[in-house]
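**Student:** need a structure here:
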Amino acid sequence: MINRKLNFYFFGEIGEYDKYNPEFVCNREYASEILYIIAKNKPFTISRFEIAKLLNIKDEIVANNINNLELINAIEVKNNSYQVKFPIILEKDIEEIEKYIYKVGEVIGKKIIDIKDVLYAKVSQLRCFKHYTYDRILYHIICDKIFDGTAFEFFTKRNTFCSSKLQPGNRNYIIVAYEDSKLVEKHSNKILCSSNNYRSSEFTFNSFGDLNGLRKDMFRFFRLTQKSVHSASPFDKVNIAYNNVLDRMNKKIAYECGNLIRSVIEKDITYSQLSEQEKSIAQFLQELEYISINEDNSISVNITVFYDFEVATTIKELSDIILENIFPIVKEIFDSFEINVSEITPVRHNVDIKETANELWHQIFGATNEYLVKEGFVATPNNIDGQGRYLRSLTISKI
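**Tutor:** Purely as a prediction, here's the structure:
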């Protein structure tokens, strides 16, 4: 029998790469298979020993994973049986979910395109408008900063869905998992609904796109290096301790990267003006394709750059215009979902419906983004083999 697995997605602040980090816990060996079996069964009907037998692994492996998952509040344990505590979407759930998102991307997308003149007028006020087209800027603003950003506060205030969940270890995030299958993939990995953000002091490095691969961006690179450290030696506690040190080192590197990009934009510095340390940072940024070092020693910034004061003003205004415009459509979908959905896995496991609705919003805005890309209203991210489709940006908090 082939062991079925899950793909995990984390929304919010998952914190340091330690025992409370859901990515660290859920990606441990057999954690995915164990969660799949728990989700597939009715709540509190399968034991640790039955799971071990199904997976043909030692009981202690299951026990260790169960302890780790309980620590991060991913499962509830009762009399050696289990219930999942976050939305897990299995193949059999997809048909039910599709009822609520059929054609919705086109409906919402048309509403947005109808007000393009108002949106263009606002976009032309942004600093980056001197360097980028409407469609490239709107890709970052609508698809990411609004739909995967300000929309959560907007809809949470209106009690449409929840945007975060306090978690153990002083974290604030929501986990969603999808069954690893071709049928499910089009609703998880292959839609434009994933934002990667790496923050360090005054800078946020972002990429937004699908999840059909491993992106070459700041967030993913640092996560991959930390993941490799986790299995670097047989000494788990040493690996975790070193990862904590590495996390601080990575923050410092990201700050230097952001500072260099800001200097290129605001001071027009050249490569020959950089110190040896700055040249190392520039070469790192070039390999990540955030900048290009040209033959004449000039440096080109290859990503869209926003500023916090713009996010608080112009982009906030764009957000209000768009979200108020589409709210009646979204509300109708969610009201119907809450009343009628009953057989999907998260409902059977008594997961908060508002938490499951959060994932439905990802499906809705992912479908809308795909429509806006198809119509050419926002930029089309290239599909890079092994990385998927995405575009990078940077937000600077201080000028």
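**Student:** now the strands: where do they sit in the stretch 251-399 of the chain?
**Tutor:** Applying DSSP state E, counting those that start in this stretch to the stretch 251-399 of the chain gives strands spanning 291-293, 299-301, 304-307, 383-384, 388-396.
**Student:** Take the ones you listed and write them to a markdown table, including mean neighbour count and mean pLDDT.
**Tutor:** Where you see a C-beta, it was placed from the backbone N, CA and C, and this is true even at glycine. Converted to a markdown table, those look like this (neighbours: other C-beta atoms under 10 Å; pLDDT from 0 to 100):
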| stretch | mean neighbour count | mean pLDDT |
| --- | --- | --- |
| strand 291-293 | 18 | 97 |
| strand 299-301 | 17 | 97 |
| strand 304-307 | 21 | 96 |
| strand 383-384 | 14 | 96 |
| strand 388-396 | 22 | 97 |
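**Student:** out of these, nearest to residue 372?
**Tutor:** strand 388-396 (13.3 Å; C-beta to C-beta).
**Student:** Averaged pLDDT, the helix or strand harbouring residue 52. What do you get?
**Tutor:** Residue 52 is located in helix 48-55, with elements delineated by DSSP states H and E. In this model, helix 48-55 has an average pLDDT of 96.
**Student:** Tell me the helix or strand right after that helix.
**Tutor:** Past helix 48-55, the next helix or strand by DSSP H and E is helix 59-71.
**Student:** State the distance from the closest residue to residue 161 other than its chain neighbours to residue 94.
**Tutor:** Leaving aside its chain neighbours, residue 161 sits nearest to residue 357 (3.7 Å; criterion: C-beta to C-beta, 6 or more residues apart in numbering). Going from residue 357 to residue 94 by C-beta to C-beta, to the nearest Å gives 16 Å.
**Student:** With residue 378 instead?
**Tutor:** The value you get for residue 378 to residue 94, if C-beta to C-beta is used, is 26 Å.
**Student:** How about residue 375?
**Tutor:** Residue 375 sits 26 Å away from residue 94 when distances are taken as C-beta to C-beta.
**Student:** Neighbour count: those two, which is higher?
**Tutor:** With neighbours defined as other C-beta atoms under 10 Å, residue 375 and residue 94 compare such that residue 94 has more, 18 against 13.
**Student:** Is that one within a helix or a strand, and which one?
**Tutor:** Going by DSSP H and E, residue 94 is in helix 91-101.
**Student:** Please identify the buried residues of the helix or strand that comes right after that helix?
**Tutor:** Toward the C-terminus, helix 91-101 is succeeded by helix 104-113 as the next helix or strand (DSSP H and E). Neighbour counts over helix 104-113 (16 or more other C-beta atoms under 10 Å) mark 104, 105, 106, 107, 108, 109, 112 as buried.
**Student:** Specify the stretch among the strands of the stretch 251-399 of the chain that is closest to residue 90.
**Tutor:** Of all the strands of the stretch 251-399 of the chain, it is strand 388-396 that lies closest to residue 90, at 23.0 Å by C-beta to C-beta.
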